[in-house]
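Colleague: Next one to model:
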Amino acid sequence: MFVFGPVGGLIGLVLGLWFVFRYKGGHRTFSAIASRSAIVIVAIVVVAAIGVQVRLATVDFNNGLTPQLEFEIRLPANTVVGDRLKMDVEMQAGTQRSGGFWRDAWLRHDGDRPVLAGFVPLYTRTSQRVLVFSRAGEPKLLFNIRLSATPAPSDQYGAWQRVDFIDDMKAESTPRRPGDAEAYDIRYRVPDWTKP
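Modeller: Below you'll find the predicted structure:
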């Protein structure tokens, strides 16, 4: 099945192209038929390659292990943090939504700036990820996560990255760029998920 099936399919493709170009297309010479057949085969290969790339760009991680994004969100100086249960974090990856979790040691301070620590699973293989942080009664913070579709593992956090957009959650409003005083930052890492 795995040897004769593909060989038979290839022979059938070549013969089918030969008959179509010779009897329906009116081409009589070998070079005319061969050149047109080559164009069709190349087009099939290109379409198949594009399909494979699109599928790989959106497929879930299929090795049975799910990488996690560990993050720290740094709030403006002297922010009153409030109840952890009234804060939420979510990863948006295309149409996929996955909820995040706060660590047991979820709050520390960097000088006078509170830093919140958590993690979120990366279920989908895509480079288009947005981490959304929200607190009761406050605008939503949207952080573009700048990682490849299959992120490289790291034990170290990356550099602090400023919030990309702020959603005021008002009717007929769209997410906006942060103002100078809206000093919200994030940094993150993806520990090696292939190790036990």
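
Colleague: correct me, but residue 21 touches residue 27?
Modeller: Yes: using Cβ atoms under 8 Å, residue 21 is in contact with residue 27, at 4.8 Å. All C-beta spots, glycine's among them, are computed from the backbone N, C-alpha and C.

Colleague: Show me how the protein divides into domains.
Modeller: The chain breaks down into these domains under automatic domain parsing: 4-58, 68-189.

Colleague: From one end of the longest one to the other, what's the distance?
Modeller: End-to-end distance of domain 68-189 (Cα to Cα, to the nearest Å): 8 Å.

Colleague: same question, stretch 122-141
Modeller: Per Cα to Cα, stretch 122-141 runs 19 Å from first to last residue.

Colleague: joint contacts of residue 21 and residue 27?
Modeller: Residues touching both residue 21 and residue 27 (Cβ atoms under 8 Å, 6 or more residues apart in numbering) are 33, 36.

Colleague: Please name the spatially closest residue to residue 162 (chain neighbours excluded).
Modeller: residue 185 (5.8 Å; Cβ to Cβ, 6 or more residues apart in numbering).

Colleague: who's sitting farthest from the centroid in this structure?
Modeller: For the chain, the largest distance from the centre (Cα atoms, centre = their mean) belongs to residue 28, which lies 50.4 Å off.

Colleague: So, low pLDDT: which residues of this protein?
Modeller: 1-3, 24-25, 54-64, 196 (pLDDT under 70).

Colleague: can you give me the strands for it?
Modeller: 68-74, 87-93, 96-99, 101-110, 113-121, 129-135, 140-145, 161-162, 165-167, 185-189 (DSSP state E).

Colleague: export those to TSV and tack on mean neighbour count and distance to residue 16?
Modeller: Shown next, in TSV, are the strands of the chain (neighbours: other Cβ atoms under 10 Å; distance: least, Cβ to Cβ, whole Å):
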stretch	mean neighbour count	distance to residue 16
strand 68-74	20	49
strand 87-93	18	41
strand 96-99	13	40
strand 101-110	12	55
strand 113-121	18	47
strand 129-135	19	44
strand 140-145	20	47
strand 161-162	14	54
strand 165-167	17	53
strand 185-189	20	52
